[in-house]
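*Asks:* Next one to model:
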Amino acid sequence: MQTILNFIAANQQIIYIVILMMFVGIEVIGRVPSVLHTPLMSGANAIHGVVIVGAIIVMGKAQPGNWLVISLGFIAVVLGTLNVVGGFVVTDRMLEMFKKKK
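*Replies:* Okay, here's the model as predicted:
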(Lines give C-alpha, C1' and ligand atoms only; values in the text may rest on other atoms or scores of the structure.)
Protein backbone atom coordinates (compact mmCIF):
# COMPACT_ATOMS: atom_id res chain seq x y z
CA MET A 1 0.00 0.00 0.00
CA GLN A 2 2.86 2.34 0.81
CA THR A 3 4.33 1.75 -2.65
CA ILE A 4 1.08 2.84 -4.29
CA LEU A 5 0.89 5.97 -2.15
CA ASN A 6 4.50 6.81 -3.00
CA PHE A 7 3.75 6.37 -6.71
CA ILE A 8 0.70 8.64 -6.47
CA ALA A 9 2.66 11.27 -4.55
CA ALA A 10 5.52 11.19 -7.07
CA ASN A 11 3.19 11.41 -10.09
CA GLN A 12 0.47 13.64 -8.68
CA GLN A 13 0.69 16.27 -11.43
CA ILE A 14 0.52 13.66 -14.20
CA ILE A 15 -2.53 12.06 -12.58
CA TYR A 16 -4.26 15.45 -12.42
CA ILE A 17 -3.47 16.07 -16.10
CA VAL A 18 -4.89 12.66 -17.11
CA ILE A 19 -8.11 13.31 -15.15
CA LEU A 20 -8.43 16.76 -16.71
CA MET A 21 -7.85 15.28 -20.18
CA MET A 22 -10.66 12.79 -19.60
CA PHE A 23 -13.13 15.54 -18.71
CA VAL A 24 -12.07 17.73 -21.63
CA GLY A 25 -12.27 14.75 -24.02
CA ILE A 26 -15.78 13.89 -22.89
CA GLU A 27 -16.91 17.50 -23.37
CA VAL A 28 -15.29 17.82 -26.80
CA ILE A 29 -16.61 14.50 -28.14
CA GLY A 30 -20.06 15.14 -26.72
CA ARG A 31 -20.40 18.37 -28.70
CA VAL A 32 -19.33 16.98 -32.10
CA PRO A 33 -22.08 17.27 -34.73
CA SER A 34 -23.17 14.08 -36.43
CA VAL A 35 -21.82 15.28 -39.79
CA LEU A 36 -18.27 15.15 -38.42
CA HIS A 37 -18.69 11.79 -36.74
CA THR A 38 -17.47 9.68 -39.68
CA PRO A 39 -14.20 11.61 -40.25
CA LEU A 40 -13.49 11.52 -36.53
CA MET A 41 -14.05 7.75 -36.44
CA SER A 42 -11.57 7.34 -39.29
CA GLY A 43 -9.01 9.36 -37.36
CA ALA A 44 -9.65 7.32 -34.22
CA ASN A 45 -9.14 4.12 -36.21
CA ALA A 46 -5.76 5.39 -37.39
CA ILE A 47 -4.74 6.28 -33.83
CA HIS A 48 -5.73 2.84 -32.58
CA GLY A 49 -3.71 1.30 -35.38
CA VAL A 50 -0.69 3.12 -33.97
CA VAL A 51 -1.59 1.81 -30.50
CA ILE A 52 -1.60 -1.75 -31.85
CA VAL A 53 1.82 -1.30 -33.49
CA GLY A 54 3.21 0.25 -30.28
CA ALA A 55 1.89 -2.61 -28.17
CA ILE A 56 3.47 -5.16 -30.50
CA ILE A 57 6.81 -3.33 -30.29
CA VAL A 58 6.61 -3.22 -26.48
CA MET A 59 5.84 -6.94 -26.36
CA GLY A 60 8.78 -7.65 -28.66
CA LYS A 61 11.22 -5.65 -26.52
CA ALA A 62 10.03 -7.14 -23.20
CA GLN A 63 12.29 -9.37 -21.14
CA PRO A 64 11.41 -13.07 -21.54
CA GLY A 65 10.27 -13.45 -17.93
CA ASN A 66 8.38 -10.18 -17.61
CA TRP A 67 4.83 -11.53 -17.81
CA LEU A 68 3.25 -8.27 -16.70
CA VAL A 69 4.53 -6.37 -19.75
CA ILE A 70 3.74 -9.24 -22.10
CA SER A 71 0.20 -9.67 -20.78
CA LEU A 72 -0.52 -5.91 -20.80
CA GLY A 73 0.83 -5.71 -24.34
CA PHE A 74 -1.36 -8.62 -25.40
CA ILE A 75 -4.42 -7.01 -23.82
CA ALA A 76 -3.58 -3.72 -25.60
CA VAL A 77 -3.31 -5.53 -28.94
CA VAL A 78 -6.63 -7.33 -28.44
CA LEU A 79 -8.55 -4.25 -27.27
CA GLY A 80 -6.98 -2.04 -29.93
CA THR A 81 -7.90 -4.54 -32.63
CA LEU A 82 -11.47 -4.75 -31.36
CA ASN A 83 -11.66 -0.96 -31.35
CA VAL A 84 -10.33 -0.66 -34.90
CA VAL A 85 -12.69 -3.33 -36.25
CA GLY A 86 -15.66 -1.84 -34.41
CA GLY A 87 -14.75 1.63 -35.67
CA PHE A 88 -14.63 0.44 -39.25
CA VAL A 89 -18.00 -1.31 -38.87
CA VAL A 90 -19.61 1.83 -37.44
CA THR A 91 -18.02 4.01 -40.13
CA ASP A 92 -19.23 1.65 -42.86
CA ARG A 93 -22.77 1.68 -41.48
CA MET A 94 -22.77 5.48 -41.31
CA LEU A 95 -21.51 5.77 -44.88
CA GLU A 96 -24.29 3.41 -46.00
CA MET A 97 -26.80 6.02 -44.78
CA PHE A 98 -25.52 8.54 -47.34
CA LYS A 99 -25.75 6.22 -50.36
CA LYS A 100 -28.70 6.53 -52.69
CA LYS A 101 -31.25 3.77 -52.33
CA LYS A 102 -31.97 1.57 -55.33
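*Asks:* which residues touch the residue most central in space within the chain?
*Replies:* Closest residue to the average C-alpha location of the chain: His48 at 5.6 Å, with C-alpha atoms, centre = their mean. Neighbouring residues of His48 by C-beta atoms under 8 Å, 6 or more residues apart in numbering: Gly80, Asn83, Val84, Gly87. Just so you know, the C-beta spots here come from the backbone N, C-alpha and C atoms, and that holds for glycine as well.
*Asks:* Repeat the analysis, applying 6 Å as the threshold.
*Replies:* Gly80, Asn83, Val84 (C-beta atoms under 6 Å, 6 or more residues apart in numbering).
*Asks:* Check Gly54 too.
*Replies:* By C-beta under 6 Å, 6+ apart, Gly54 has no neighbours at all.
*Asks:* Could you report the separation of it from Tyr16?
*Replies:* With distances taken as C-beta to C-beta, to the nearest Å, Gly54 is found 24 Å from Tyr16.
*Asks:* With Gly87 instead?
*Replies:* For Gly87, the distance to Tyr16 equals 29 Å [C-beta to C-beta].
*Asks:* just Phe7 next, same as before
*Replies:* 14 Å.
*Asks:* circling back: which pLDDT does the model give the residue nearest to the centre of the chain?
*Replies:* We have a pLDDT of 80 for His48.
*Asks:* What's the first helix or strand after the strand or helix carrying Ile19?
*Replies:* Element membership of Ile19, judged by DSSP states H and E, is helix 12-30. Sequence-wise, the next helix or strand downstream of helix 12-30 (DSSP H and E) is helix 37-61.
*Asks:* Great, nothing more from me.
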